[in-house]
Structures are given as structure tokens and as C-alpha cells.
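Asks: Give me the fold of what follows.
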Amino acid sequence: MKFRLLVVDDEKNIREGLAASLEMDGYEVATAVNGGEGLKRYGRGDIDLVITDLRMPGLSGEELLRAITAESPGIPVIVLTGHGTVENAVEAMRQGAWDFLTKPVNLDHLSQLVKRALQNRELALKHRELEEELEQKKKFETIIGTSAPMRRVFDTISRAAPTRASILITGESGVGKELVADAIHGLSPRKEKPLIKVHCAALAESILESELFGHEKGSFTGAVSRRRGRFELAHEGTLFLDEIGEIDQNIQIKLLRVLQEKKFERLGGEETIEADVRIVAATNKDLKAEIEKGNFREDLYFRLNVVNIHVPPLRERKDDIPLLITAFLKEFAGENGKSIEGVNEKARAALYAYDWPGNVRELRNCVESAVVMTRGSLIGLEDLPPTLRQRNDEGWIRVPLGSTLEEAEKLIIRDTLSAQRGNKSRTADVLGIGRKTLHRKLAELGAE
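Replies: Predicted structure coming up:
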């Protein structure tokens with residue numbers, strides 16, 4: 001990385017001499033003849049360090065320092081001062097200057113000072129990047145998965161969350177659409193503002209309208225006082241509309257108007273209220289099919305579906321089952337005061353073979369039930385719900401239709417290794433391949 005420095009001094013010889021010396025050290029150097037010009041040049045956003053004289057006509061060095069540190073806390077600013085203004089330089093240090101030098105400037109000393117300041121800045125930037133990366137990872141902690149389909153979901157969340165775009169989350173019931181909405185809000189600029197959730201399918205039309213837009217006192221029977229709606233409560237934040245496919249046509253029209261005009265009125269009210277709200281909606285329905293049936297407005301669909309995030313069903317990301325089981329075992333063992341080491345081979349085979357029509361929610365309930373029912377430290381087949389026990393066919397490996405050869409090979413290797421209790425020599429013999437070949441395939445497929 002090549003750093004760019006800014007030298008600000010009204011004395012031409014000093015300005016040009018410092019620039020030439022710093023360029024010999026390998027830096028790119030911009031110059032300015034006074035504080036005003038220096039502030040304008042800094043405003044381009046490509047300066048890594050500033051060297052400025054204190055005494056200059058117009059905007060002084062102190063004023064330039066205050067402006068820069070207010071805009072970019074942590075930017076290193078080195079102050080140059082004459083012998084008679086050392087006290088001013090000390091005051092500049094209090095205001096955020098990195099260091100100061102007296103004139104005439106010792107170029108070797110300046111070179112070392114610049115080097116240390118830039119090293120410190122680079123470390124601070126890396127530390128900030130690491131903190132931001134860790135913060136972003138935390139937002140995904142509640143969404144468990146490392147499979148390729150889930151990595152695509154995480155990537156879309158990361159790119160869409162910082163924007164203002166409306167997002168439509170699609171997927172079957174139980175896949176974790178609400179967790180995706182939580183992550184979107186948590187990674188957005190609105191994260192410090194409210195995330196308000198409305199389950200549209202759970203409310204009747206008349207109640208849903210009042211929930212969304214609020215009502216005035218006396219606007220209908222039972223409206224004994226004014227009530228703010230969810231749009232008002234979510235102002236400057238995010239509104240999550242779960243099961244959006246269930247809302248009535250009349251509500252769809254009013255919702256469309258809010259999305260278009262960003263304003264609404266409470267039920268029975270005349271006051272127009274501004275709505276600065278980011279909309280995230282979710283549905284388990286095929287809204288295109290609902291449009292064809294006349295149940296859902298096409299214009300509303302396009303307003304909601306600016307960015308689509310499809311959360312895959314669990315049967316399409318079975319690689320995530322071990323991670324999910326481990327997380328749920330830890331959670332429910334702790335809640336029930338039990339010590340659970342894991343799942344035995346027969347139970348694991350049944351869990352992998354099942355298609356999970358209820359998705360992650362069903363797996364979660366299954367693990368909770370097994371933790372409650374088991375008498376030992378390992379979850380066994382007998383601890384699982386009857387549905388899974390009945391579907392367990394020992395000695396078979398199920399490969400879903402539509403699987404690629406690579407996915408099929410991974411399933412076969414993984415389940416054979418599980419059946420052989422992790423013994424790689426026996427697994428290689430059963431599969432008819434060499435042990436080295438097995439190790440290579442495990443590494444390539446990430447199946448260990």
C-alpha cells in the first residue's frame with residue numbers, strides 16, 4: 001500500500017522541501033499553501049497523514065487540525081511550529097495532533113515520526129476491520145449453516161442489508177425466515193432503531209389494518225383511545241411483515257400506497273404521517289402463483305421483491321444437520337440439566353435420512369423431545385419421535401433425486417464412514433477404494 005500525505009505550509013521552501021524529502025521515502029505527497037486549501041484537498045478522502053504549520057494566514061493550523069480530527073478521528077496530524085509557539089503545539093496535542101516538530105525540521109526525525117504514525121494508523125484500521133468482521137459474524141450466529149446454499153443466503157444478506165431496498169424472504173415454513181430478517185436489520189444502518197414484527201396471518205383484516213396504521217379514538221367500536229400503528233413504531237427502523245401472502249386485497253392497496261408515497265393516515269384520522277420505514281417481508285407462498293389466481297397484487301409484489309432471499313429447505317442442505325443438532329443438543333441439555341454427549345449411529349442415520357418437511361423448526365422440536373426422553377448420555381433411535389423411527393431403514397443410503405454426482409458421493413462417503421463408526425480403513429474397504437484415496441476425497445468434499 002502506498003500512502004498519500006498532505007503537507008500544508010505557507011512558506012514555499014519549507015513546503016516543497018518537506019514534500020521532496022517525503023517523496024524520497026516512497027510516499028505520494030500533496031501540498032497546500034494555506035489551511036483553507038489544505039482542508040479542501042483533504043476533503044477528497046485519499047489522505048493518510050497530514051503535516052501542517054500552526055501559524056498561517058486565513059484558516060490556521062489549529063483550525064485545520066480541529067476540522068480534520070472532527071471529520072476523521074484517528075487520522076495522524078503532525079504539527080510544525082516555531083520555537084516561540086511550543087505552548088500552542090502542546091495545546092494542539094490535546095486537540096488530537098499525533099505529534100509536533102519545531103522548525104527548522106530535522107528530516108530524519110520527521111521520517112521516523114511519519115513511519116511510526118502510519119504504522120499505528122494501519123494497525124488501527126486493521127483492528128477496526130477485524131471488529132467489524134466479528135460484529136458481522138455475530139449477526140449470523142443465530143442462523144446455523146455452512147453449506148453452499150446457506151453461504152449464498154449469507155452473501156445476499158451481507159450485500160442487501162446496508163441498503164434501503166425492500167427485501168422479500170421466501171421459503172417453506174420452519175426454514176428460519178424470521179432469523180434472516182433479524183440479521184438484515186442487525187447489519188443495516190438502522191440497527192440502532194426499532195425492528196417491529198407483524199405476523200400478518202395471525203390477525204383478521206380489521207385488526208391488521210389497525211395494527212399497521214394505528215387508529216384514532218372512536219374510529220370503531222372499542223377504540224377508546226388513540227393508538228399508534230406498527231409503521232409509526234418502526235419509524236427510521238425496519239418493519240418485518242411475516243406471511244405477507246395472507247393479507248387481504250384491501251390491506252394490500254393501503255400497503256402499496258405507503259410504500260409508494262411513504263405516508264399514511266391512522267384509521268379514523270385526517271393527519272398525514274410520514275413513514276421512514278425499511279420493509280422486510282416474508283412468505284411461504286408462491287406469490288407469482290397467487291398473482292395468477294388474483295389473490296395478490298402484482299404491483300405490490302414488485303415493490304416488496306426488490307431483493308429476494310430464498311432460504312432453502314433443510315432437505316436441500318443436509319450438510320448443516322450435524323451443526324444444527326450440536327447447537328440444539330447444547331441448548332436443550334442445558335435447559336433440562338442433562339449431560340448429553342451426542343447422537344449414536346442409528347439415531348444419526350435416521351436424522352440424516354428423514355426429509356424434514358417441517359424444516360429446522362421440526363428438527364429443533366425433535367432434538368428437544370429426544371433430550372427430554374433419553375435416559376442416557378447418547379441420543380438413541382428409541383429416543384426419537386415415532387415418525388423418524390418408522391422411516392429408518394438400516395443399511396440404506398438415501399440420495400435425493402436431482403443430486404449432483406459430487407453431492408451423491410459425499411452422502412455415500414459420509415454415511416458409510418458413520419456406519420463404520422469413523423474407522424477409515426474399514427470405510428475404504430467397504431467403498432472399494434484405497435485409504436489415501438478416501439483421505440483425499442474427504443478433504444476435497446469437506447465430508448470429515
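
Asks: Would you mind identifying the next helix or strand past the lowest-mean-pLDDT helix or strand in the chain?
Replies: Here the helix or strand of the chain ranked lowest by mean pLDDT, DSSP states H and E is helix 86-94, holding a mean of 70. Using DSSP states H and E, the helix or strand that directly follows helix 86-94 along the chain is strand 99-102.

Asks: Now the residue nearest to the spatial centre of the chain: closest residue in space that isn't a chain neighbour?
Replies: In the chain, the centroid-proximal residue (Cα atoms, centre = their mean) is residue 187; its distance is 4.3 Å. Nearest non-adjacent residue to residue 187, counting by Cβ to Cβ, 6 or more residues apart in numbering: residue 161, 3.7 Å away. All C-beta atoms are positioned from the backbone trio N, CA, C, and that covers glycine.

Asks: these two touch, right, the one you found and residue 188?
Replies: Yes - here residue 161 lies in contact with residue 188, judged by Cβ atoms under 8 Å, at a distance of 4.8 Å.

Asks: When those two are compared, which one has more neighbours?
Replies: Neighbours per residue, other Cβ atoms under 10 Å: of residue 161 and residue 188, the larger number sits with residue 161, 25 against 22.

Asks: Regarding residue 205, what are the backbone dihedral angles?
Replies: The phi and psi values for residue 205, taken as degrees, to the nearest 10, are phi -50, psi -50.

Asks: What residues of stretch 163-177 count as buried?
Replies: The neighbour-count check on stretch 163-177 (16 or more other Cβ atoms under 10 Å) flags 166-172, 174-177 as buried.

Asks: so how far does that stretch reach from one end to the other?
Replies: Criterion Cα to Cα, to the nearest Å; first-to-last residue distance in stretch 163-177 is 19 Å.

Asks: who's in contact with residue 79?
Replies: Remark: with contacts taken as Cβ atoms under 8 Å, 6 or more residues apart in numbering, residue 79 is in contact with 52-54, 61, 65, 89, 92-93, 97, 99-101.

Asks: let's see it at 6 Å
Replies: Residues in contact with residue 79 (Cβ atoms under 6 Å, 6 or more residues apart in numbering) are 54, 89, 92, 97, 100.

Asks: could those residues go into CSV alongside distance to residue 201 and neighbour count?
Replies: Formatted as CSV, those follow (distance: Cβ to Cβ, whole Å; neighbours: other Cβ atoms under 10 Å):
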residue, distance to residue 201, neighbour count
54, 67, 22
89, 67, 20
92, 62, 24
97, 60, 23
100, 66, 21
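
Asks: List just the nearest of those to residue 121.
Replies: Among those, residue 97 lies closest to residue 121 (Cβ to Cβ), at 13.7 Å.

Asks: my read is residue 322 is in a helix, agree?
Replies: Yes - the assignment for residue 322 is a helix, going by DSSP: H, G, I helix; E, B strand; the rest coil.

Asks: what's the burial count for it?
Replies: 17.

Asks: got a pLDDT number for it?
Replies: pLDDT recorded at residue 322 is 87.

Asks: Also residue 203?
Replies: Model confidence at residue 203 (pLDDT) stands at 82.

Asks: Excluding chain neighbours, what is closest to it?
Replies: That would be residue 211: by Cβ to Cβ, 6+ apart, it lies 5.9 Å from residue 203.

Asks: quick one on the thing from earlier: nearest to residue 144, of the contacts of residue 79?
Replies: Within those, proximity to residue 144 (Cβ to Cβ) peaks at residue 97, which comes in at 47.9 Å.

Asks: Quick one: the strands in this protein, in order.
Replies: 4-8, 28-32, 49-53, 77-81, 99-102, 167-170, 195-199, 238-242, 263-265, 272-274, 278-283, 307-310, 342-343, 378-379 (DSSP state E).

Asks: Show me where this protein dips below the pLDDT cut-off.
Replies: Low-confidence segments of the chain, defined by pLDDT under 70: 1, 83-86, 88-89, 127, 129-141, 390-399, 401, 419, 421, 445-448.

Asks: hmm, back to that, just send the strands of the chain back as CSV, with distance to residue 232 too.
Replies: CSV is the format used below for the strands of the chain (distance: least, Cβ to Cβ, whole Å):
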stretch, distance to residue 232
strand 4-8, 47
strand 28-32, 49
strand 49-53, 46
strand 77-81, 45
strand 99-102, 51
strand 167-170, 21
strand 195-199, 9
strand 238-242, 10
strand 263-265, 9
strand 272-274, 6
strand 278-283, 14
strand 307-310, 25
strand 342-343, 48
strand 378-379, 47
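
Asks: So for residue 324, which of those strands sits nearest?
Replies: strand 342-343 (11.6 Å).
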